[in-house]
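S.K.: just a sequence and a predicted model for now, questions to come.
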Amino acid sequence: MLENLSSRLQGIFSGLRSKGRLTEEDIDVAMREIRMALLEADVNFKVVKAFVARTKERCLDSEVLDSLTPAQNVTKIVLDELTELLGRSDSKLVLGSRIPNVIMLVGLQGSGKTTAAAKLAYRLKQEGHAPLLAACDVYRPAAADQLQTLGGEIGVRVFRGDGKDPVGIARESIQDAIDNLRDVVIVDTAGRLHVDEAMMDEAAAIKEAVKPDQILMVVDAMTGQDVVGVVEAFAERVDFDGVIMSKMDGDARGGGALSVREVTGKPIKFISAGEKPDALEEFHPDRMAKRILGMGDVVSLIESAMRVQQEEEEAEAAEALARGTITLNDFITMNRQIRKMGGIGKLISALPGGDKMLGEGQINEGALDHMEVIINSMTKEERVHPEVLNAGRRARIAAGAGVTVTDVNTLMRQYNETRKMVKKMTANFSQPSKRGKKGKKGKKAGRRRGLGIPGLDGLSMSDLRNLSNLMGE
Amino acid sequence: MGVLDKVNGGLAKSRDKFKEQMNVLLDRGPVLDGGFWDDLEETLILSDMGPEASMQIVEDLRDQATRKGLPDSYAVLDMLGCRIEAEFASGGEEILAGGPAIVLFVGINGTGKTTTVGKLAKAATDAGRRVLLGSADTFRAAAIEQLQVWADRAGVEMVMRERGADPASVCFETIERAEQSAADLVLIDTAGRLHTSDDLMRELQKVVSVVRKRATVPVYTVLVIDATTGQNGLAQAREFNRALDLDALIVTKMDGSAKGGIAIAISHELELPILRIGVGEAIDDLRDFDAHDFVSAFIGDYETSEAMVEDFAEADAAARAAAPPKMTWAEFVELDDAGEVPAKKHFWEKW
């Protein structure tokens, strides 16, 4: 996600860091590079212009240039401005008290509305709501079938009506929701071009008919400079409340994400990254800004770990960690949890510098699966007491897993390294953390105590960096 | 004028927007000052042509303007037209209008592959060819039904399997069926996929290689790209080209306010001809591509001078030949003393 933009920006900053003192000229050069990087990332031209002007002005402040760590200050200013650009605070989806609540989705063709509708329904269902999907796209052949299939997969009722009159379908869907005890209606509309008057009128008519509590616009993260024209036109005609950025799982630099907020003032509410129904995440501007600048997104990582973590496993793993002994069984548990969290790739990309490593192909996403295969070829005893492994056992395991003895040996070496690291970490853990500098982490520390993700509990930022170094070695 | 009018109609929005900006530029008067060049660059960047290409074009024009002593900004506009025209790769006529062929349509999600295949099927049938459709998008819900609707409209046969079936096997069946029924144009719709998804790209590679092995007529792969795509379009095209060795491009959704500058960038960098442009929902809104029409619809009327276009094209070919191979920054950093990129090692290999 956003790899290219962040790797460019990181390059610019490391260039700055190599200088002890920054002159106005250095700032000029850096700003030109930033301008280019943002433009290449499809951030709208006008937004870039304003962004660069603001940032430059702040950077040229004598306090920044004369400070002991000018490069750090410049980075901080850019981070600050980026966060500002993305929206200062999180914008959650707030449902009103009206029943049924109506959420309407609009957007261009092919932006991913139907998929987003299903993902949103799935999310609401997880949160304990009973959503209803209304298929108001009567133009694209088989669009309603698509929604019906997706609805079937996630177990959400789909209302299709007569399949002819979108306004009528929308209106009837509300009655259908009431009849079937549904508390949220998600109206999937046809994709339309903002320059198509008739279609925009229809969107306005649907809006008039169902009086949606929320209108969300689905925007493709890969949209280019035109994104501004599109969102402005939609904002004017149907006045949406927030944005869902779709296709964020590609390598799109998501410049649209950076521009939308600045241009329309409408917040980004969700980002959609993946094919599965649960691939709809809340959008956090501060975390995204950090991620763009390569500072990692550890908070999101921990949150997704929290969702995955099961109670007993947590207790067990925490205990194992406390003893400073982890077994190969923990390795497997860890692997499964990582997979639930979206795979090693996602995990690494949330770590500082992780995106860069992924981009450079330093991470083999299948590595953990290889590990699991080898561990699966061990007996129960061997898993709990790996020290019993002798040459004969290793040969047997290698044959069973279809690998060479060297692979088994490397796994064991890795296991021993990890065990050492965990021991060191648990030792650190019992001491009060000195790294309170990062406010965010400080606040989280209290909550994180009980989390106990194997290998992550009690980790400080620098430990994570060690971990990522270890993986990148 | 007939064809020009049609394209103009479809591209009216892009043209108006661009023209508006060009007019603002020209209203600066005929004087060529620094501000003019800055504005020109901004205009090109806003068309999604990419900052690098835009700067290159502006630099070239600036250079030429001084050398040839161009009198005013109007003359620069003519030259701009020729310069952009020189960016397009030519060829590709044999793909849809030649002899028997199998054409696979690929691209990311939501670019309009299925719709394009449907419209092409209709157009080719109307032109008297025997068309067979293959629905290898077995992933997206209702993709098969969507193509079926188009097949019915065009009155052509379609080969399909149930959702979730192996797309390669659908293609195999499609080719067998084509041979039985003596169809001379086989159009295969594939599932949209992001170019960053390795598994899905490998699946597509398999599909294409199965088709290439089985087919007895030429096989072409065509990338369908959405005109609203920004600079990421280049990344998409590069990846698809690397995996599948593309033959041509189709640009869809040119009827919005998107300017489709990315199509120029892709056609130029990967030397892929543009076969068709989609300018609307209607069945006849998929139109032939013509460089002059495209550019004139893009920047307004201008005089093409064949000689000038050729000059630019030659200069470009020379520059291409002289340019060092491109590498990523990461590769550059890793260069060893001999200037070679060391083979990459994976995490797994390392420990």
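M.R.: Alright, I've got the coordinates.

S.K.: what helices or strands is the one helix or strand residue A:410 maps to leaning on?
M.R.: Applying DSSP states H and E as the criterion places residue A:410 in helix A:405-430. Using 3 or more Cβ pairs under 8 Å, 6 or more residues apart in numbering or on different chains; DSSP states H and E as the contact definition, the elements that helix A:405-430 packs against are helix A:311-323, helix A:328-340, helix A:367-376, helix A:391-401, helix A:461-472. Just so you know, the C-beta spots here come from the backbone N, C-alpha and C atoms, and that holds for glycine as well.

S.K.: let's see it at 10 Å
M.R.: helix A:311-323, helix A:328-340, helix A:367-376, helix A:391-401, helix A:461-472, helix B:347-350 (3 or more Cβ pairs under 10 Å, 6 or more residues apart in numbering or on different chains; DSSP states H and E).

S.K.: tell me the mean pLDDT for that helix?
M.R.: Mean pLDDT, computed over helix A:405-430, is 75.

S.K.: what do you get for stretch B:121-135?
M.R.: When pLDDT is averaged over stretch B:121-135, the result is 92.

S.K.: how's chain A carved up into domains?
M.R.: Chain A resolves into domains spanning A:3-86, A:101-284, A:298-472 when parsed by automatic domain parsing.

S.K.: quick one: low-confidence ranges for the chain?
M.R.: Picked chain A for this. Across chain A, residues meeting the criterion (pLDDT under 70) sit at A:1-6, A:62, A:65, A:68, A:251-254, A:257, A:291-326, A:340-365, A:425-473.

S.K.: you answered for a different chain; I wanted chain B.
M.R.: Those would be B:1-32, B:297-298, B:300, B:324-351, if you go by pLDDT under 70 across chain B.

S.K.: any idea which residue sits dead centre in it?
M.R.: The centre of chain B sits closest to residue B:249, judged by Cα atoms, centre = their mean, with a distance of 3.4 Å.

S.K.: stretch B:155-168: end-to-end distance?
M.R.: Chord length of stretch B:155-168, first to last residue, is 24 Å (Cα to Cα, to the nearest Å).

S.K.: so how far is it from its chain's centroid?
M.R.: With Cα atoms, centre = their mean, to the nearest Å as the basis, stretch B:155-168 stands 26 Å off its chain's centre.

S.K.: closest residue of the stretch 151-300 of chain A to chain B?
M.R.: Nearest residue of the stretch 151-300 of chain A to chain B: residue A:224, at 2.6 Å (Cβ to the nearest Cβ).

S.K.: OK, contacts around the closest residue to that residue other than its chain neighbours?
M.R.: Counting by Cβ to Cβ, 6 or more residues apart in numbering or on different chains, residue A:224 lies nearest to residue B:230, which is 2.6 Å off, once chain neighbours are set aside. Contacts for residue B:230 (Cβ atoms under 10 Å, 6 or more residues apart in numbering or on different chains) come out as A:39-44, A:220-227, A:252-256, B:48, B:50, B:258, B:261-262.

S.K.: can you tell me the helix or strand for the closest residue in space to residue A:83 that isn't next to it in sequence?
M.R.: In space, and not counting its chain neighbours, residue A:83 is closest to residue A:289: 4.2 Å by Cβ to Cβ, 6+ apart. Residue A:289 is part of helix A:285-292, with elements assigned from DSSP H and E.

S.K.: by contact count, what packs against that helix?
M.R.: Applying 3+ Cβ pairs under 10 Å, 6+ apart, we find helix A:285-292 packed against helix A:3-17, helix A:70-86, helix A:255-264, strand A:268-272, helix A:298-308, helix A:343-350, helix A:354-359, helix A:439-448.

S.K.: relative to its centroid, which residue of chain A is most remote?
M.R.: Extreme point of chain A relative to centroid (Cα atoms, centre = their mean) is residue A:392; 45.2 Å.

S.K.: and stretch B:38-57, which residues are buried?
M.R.: For stretch B:38-57, burial by neighbour count (16 or more other Cβ atoms under 10 Å in any protein chain shown) applies to B:39-51, B:53-57.

S.K.: picking that back up, quick one: the residue nearest to residue A:83 from residue A:41, how far?
M.R.: Counting by Cβ to Cβ, to the nearest Å, the gap from residue A:289 to residue A:41 is 13 Å.

S.K.: quick check: neighbours shared by the two?
M.R.: Counting by Cβ under 10 Å, 6+ apart, the shared contacts of residue A:289 and residue A:41 are residue A:258.

S.K.: of these two, which one has the most company?
M.R.: The residue with more neighbours, out of residue A:289 and residue A:41, is residue A:41; 27 against 22, by other Cβ atoms under 10 Å in any protein chain shown.

S.K.: thought that one was touching residue A:227?
M.R.: No. Using Cβ atoms under 10 Å, residue A:41 is not in contact with residue A:227, being 11.8 Å away.

S.K.: between these two, which contacts overlap?
M.R.: A:255, A:256, A:257, A:258, A:259, B:230.

S.K.: ok, now which ones touch the first one?
M.R.: Going back to what we said before, that points to residue A:255. A:2, A:5, A:37-44, A:47-48, A:221-225, A:227, B:230-232.
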